[in-house]
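K.L.:
Pasting the sequence and the predicted coordinates here, then a few questions.
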Amino acid sequence: MTAAPKLRILRVLRVLVAREISLVLHYRWWLAMMQLSNIIAPAISLLVWRGAIAQGATPPVSESFLTTYLVLVSLVSMLTSSWTSGFLAAGIRLGELNSWLVRPCSTHVNGLANNVAEKLMKLTLLAPLAVALGLLFRDKVALPPPGLRWIAFLVALFMAAGMTFALDVVIGSLAFWFEDVSAIDRLRQLLARTLSGALIPLALFPAAFSGFLTAQPFRFMVSFPLEVLLGRPSDESYLLAVGWFTTFLGAAVVIWRIGLRNYQGAGA
Amino acid sequence: MRRFARLWWSCFVQAIRRDLQFRSQTIITAVSSTTELILGVIPVLILADVSATAVGWNGPLTLVVVGLYGACTGLMDCFVAPNVRRIDGYVRRGELDLILIRPVNAQLYATLRWMEPAELGRVVTGLGLAVAGAHAAHLSPSPGLLLVALLWMAIGFVGFSLLWANLAYLAFWVDSAEPVNEVAQQLREAGKYPLAYFPKTVQLILATIVPAGLIAAVPTGVLTGSTAAISLAILLLAAGFTLTVVHWRVAGRRYSSAS
Amino acid sequence: MPKSGEPAIRAEGLTKTYRYTEQSPGLTGALKGVFRPDRRERLAVDALELTVPRGQIIGLLGPNGAGKTTTIKMLCGLLRPTEGELEVLGHRPSRRGFDFLSRISVVFGQKSMLWWDVSTYDSLVIHREMYAIPKPRFDRSVDDLAERLGIQDILHVPVRKLSLGQRMRCELVLALLHGPELLFADEPTVGLDVVAKLSVRRFLAELNRDLGTTIVLTSHDMNDVAALCERVVVINHGVTIFDGDLTALRGHADAGGEADLDQVMSNLFTAGS
């Protein structure tokens, strides 16, 4: 094998993404509705928090941070989400994984392509909704000027998406050992929704929890990119981000390898 | 009607038997449903913590709202949600035929056929939260007041279920209507906040078209002594009910002509 | 490149043991399983010896649960053998290297490798990138395979709209696009009507004759086996109980030259147990 294998995988990824997009296009209305439901939760949060502030409440973050955060959070949590675990677990349980294992291409390239295509499609649907929300509260939306901050944000966003995908692969791989991983996945979703900052900024939580909240991994899946863009996270935070990113990626690789060794090739 | 009540009861028994059969699945559903409620309390309590005095709601009263919200939505997710969530499938896969051929009111049957008893765990937890909150807030309402609050909750329950049903009937008109269920569920979340936090126009919406506010916020308000126009609410509910029946009829005609 | 005199498949003492945990019924049983799992072992393939020279069509037969599927899965790299030596085209299959995977191919009769919602041609394009096939060779292969299987006019139809027979022929095009030296065909004719079945059979025979492709076939349809396989290996309870040609098989099963092949196989399976 002399042809650059990395290049081959990238080319495969490209055709798979193209195919996934043509598939996802069939579901555009379905996805559009889904995005509508995704914007409702931050919109409600915005309404109540702005209502509270208008009536004299003094939250520990500035009104413009809070508003901008809640306007952008639906976009960030969509872009860093992943829905691979269910498909992966089903593939392992029902033996569809076999079709991938006999081809010279990892099944995760397919999972990745599926995620990328879905993100591109959702972005075009959700962005207008987020812009509308932003316009509604435009008096308090404050975005930093183009520059280094945005680049750092994109890097953090990419790492957050990578971490979520890796965690998804870990949970999906548990299907090598357990019949049903949906309960574990549901628990993960519940924890993530509260601890990632997808509902409200973590800075609003009581100060007693702040040590735990800053260190736990879910923070780096939604909150951290927004903190990079809108606030000033500490230097240790960046180190933690890299640390968790490597840990999750490593865990995914290791668990997948062990699982594959145990694999009993379900089905025909 | 008697016949229907007996049918409903047998569906309920069947649902419980099914849940007992798949015990681990049931326990998981019950646990995550309750966890969802408890985690859902967090943002509301944080909001109350920061702003309660400014808005005129204190922490314990907020707990009453969240508790009642949990109990009422637990009931809704047990008896209503499993059905409205199926409407889309009925229409797309033509399974509605299997309902239309039964000698009972198809709309009622399609709305109450399926149940998810495990969600009732949230009713217990929710009521517990509400009682604890009421106790902490030194709230000891008279039985009459309690009854009025309960009536408001019932109006909220039926009102929101009607809205959800109408959204689900969109499946008759458009192809990919399934996510409207998510939309409905997310809209319902507005009901766990005291109405006082919302701007006036939004308050009006939450009391009428999207009656999420009637599920818990208004009943809690009633318990503390504020009054609300209940006759108007019942009138609106009747209108909503008629509209829903008409919607089903019109949509059903479309269904039969399509297949 | 391995020397052409080397066999396509060489297995010595090939063994696969499944480990599994028995779960007692009920929730308490499930909980007990987490803390004190009841581990058991089952021998699926027991010291199998098999050498397949290049260019042969070999039928791998056996009743359900005999270890036939496990063997195939080890041969194509899906399962790691518990013990024994296994070399396929000079590679260790379970390493699943690019060089190995791009020289073999698998057709599952019960499982589609085609992407369901797009046309066969779109699936072929994905495989072109996956196997790094140069464009001119790709075009040539598609034309040739489509002509041999007579599917030129359905190449651009979404797969979900094809009949089972049409789909199976498209599966074959996809599986053979990269010109594998070794093809595993796992029940390729299951559920097909007579016309499609004959067309698949004819195609496999041609493939072997014209390109020298080694084919490992499993099928419950003895007519497939009779029409294609010069050699038959019968596996039962994880061990080889017969290896030879069809005439010898009839002799082995004490069946006359005229006996129905299904009867022959049935005799063979029940005699051993």
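P.N.:
Looks like it arrived, so ask away. Since the model is a prediction, treat every value here as computed from it, not as a measurement.

K.L.:
Now do the contacts for C:Ile235.
P.N.:
C:Val45, C:Leu48, C:Leu60, C:Leu61, C:Gly62, C:Ala66, C:Gly67, C:Lys68, C:Thr71, C:Ile241 (Cβ atoms under 8 Å, 6 or more residues apart in numbering or on different chains). All C-beta atoms are positioned from the backbone trio N, CA, C, and that covers glycine.

K.L.:
Please, a PyMOL command that selects the buried ones among these?
P.N.:
Applying 16 or more other Cβ atoms under 10 Å in any protein chain shown to the contacts of C:Ile235, the buried members can be selected in PyMOL as follows:
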select buried, chain C and resi 45+48+60+61+62+66+67+68+71+241
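
K.L.:
how about JSON lines for the contacts of C:Ile235, with distance to chain B and secondary structure added?
P.N.:
Listed next are the contacts of C:Ile235 as JSON lines, based on distance: Cβ to the nearest Cβ, whole Å; DSSP: H, G, I helix; E, B strand; the rest coil:
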{"residue": "C:Val45", "distance to chain B": "34", "secondary structure": "strand"}
{"residue": "C:Leu48", "distance to chain B": "39", "secondary structure": "strand"}
{"residue": "C:Leu60", "distance to chain B": "39", "secondary structure": "strand"}
{"residue": "C:Leu61", "distance to chain B": "40", "secondary structure": "strand"}
{"residue": "C:Gly62", "distance to chain B": "36", "secondary structure": "coil"}
{"residue": "C:Ala66", "distance to chain B": "34", "secondary structure": "coil"}
{"residue": "C:Gly67", "distance to chain B": "33", "secondary structure": "coil"}
{"residue": "C:Lys68", "distance to chain B": "34", "secondary structure": "helix"}
{"residue": "C:Thr71", "distance to chain B": "35", "secondary structure": "helix"}
{"residue": "C:Ile241", "distance to chain B": "42", "secondary structure": "strand"}
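
K.L.:
From the structure, what's the count of residues near C:Thr270?
P.N.:
11 (other Cβ atoms under 10 Å in any protein chain shown).

K.L.:
what's the weakest-modelled helix or strand in chain B?
P.N.:
helix B:96-100 (a mean of 77; mean pLDDT, DSSP states H and E).

K.L.:
ok, and for that one, which residues are buried?
P.N.:
Those would be B:Leu96, for helix B:96-100 by 16+ other Cβ under 10 Å.

K.L.:
packing partners for it?
P.N.:
Applying 3 or more Cβ pairs under 8 Å, 6 or more residues apart in numbering or on different chains; DSSP states H and E, one finds that helix B:96-100 contacts helix B:106-112.

K.L.:
Could you pull out the helices in the chain for me?
P.N.:
Picked chain A for this. With helices called from DSSP state H, chain A shows them at A:5-24, A:28-54, A:63-79, A:84-94, A:97-101, A:107-136, A:148-173, A:182-195, A:210-215, A:223-230, A:235-262.

K.L.:
please go with chain B instead
P.N.:
So, for chain B - with DSSP H - the helices run B:2-21, B:23-55, B:59-79, B:81-92, B:96-100, B:106-112, B:121-136, B:143-168, B:180-188, B:200-207, B:217-223, B:230-258.

K.L.:
tell me the contacts of B:Ala251?
P.N.:
With Cβ under 8 Å, 6+ apart, B:Ala251 has these contacts: B:Tyr169, B:Phe172, B:Trp173.

K.L.:
hmm, back to that, what sits up against the least confident helix or strand of chain B?
P.N.:
B:Tyr90, B:Ala106, B:Tyr109, B:Ala110, B:Arg113, B:Gly252, B:Tyr255, B:Ser259.

K.L.:
Looking at neighbours, which among those residues is most surrounded?
P.N.:
B:Ala110 (24 neighbours).

K.L.:
For chain A, what's the nearest residue on chain B?
P.N.:
At 3.0 Å from chain A, B:Ser51 is the closest residue in chain B, using Cβ to the nearest Cβ.

K.L.:
Now that residue: closest residue in space that isn't a chain neighbour?
P.N.:
For B:Ser51, ignoring the flanking residues on the chain, the nearest one in space by Cβ to Cβ, 6 or more residues apart in numbering or on different chains is A:Ala57 at 3.0 Å.

K.L.:
before we move on, back to that, make a markdown table out of the helices of chain A and add mean neighbour count and distance to chain B.
P.N.:
Shown next, in a markdown table, are the helices of chain A (neighbours: other Cβ atoms under 10 Å in any protein chain shown; distance: least, Cβ to the nearest Cβ, whole Å):
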| stretch | mean neighbour count | distance to chain B |
| --- | --- | --- |
| helix A:5-24 | 16 | 12 |
| helix A:28-54 | 20 | 4 |
| helix A:63-79 | 22 | 11 |
| helix A:84-94 | 20 | 15 |
| helix A:97-101 | 20 | 24 |
| helix A:107-136 | 18 | 11 |
| helix A:148-173 | 20 | 15 |
| helix A:182-195 | 17 | 4 |
| helix A:210-215 | 14 | 12 |
| helix A:223-230 | 25 | 14 |
| helix A:235-262 | 15 | 21 |
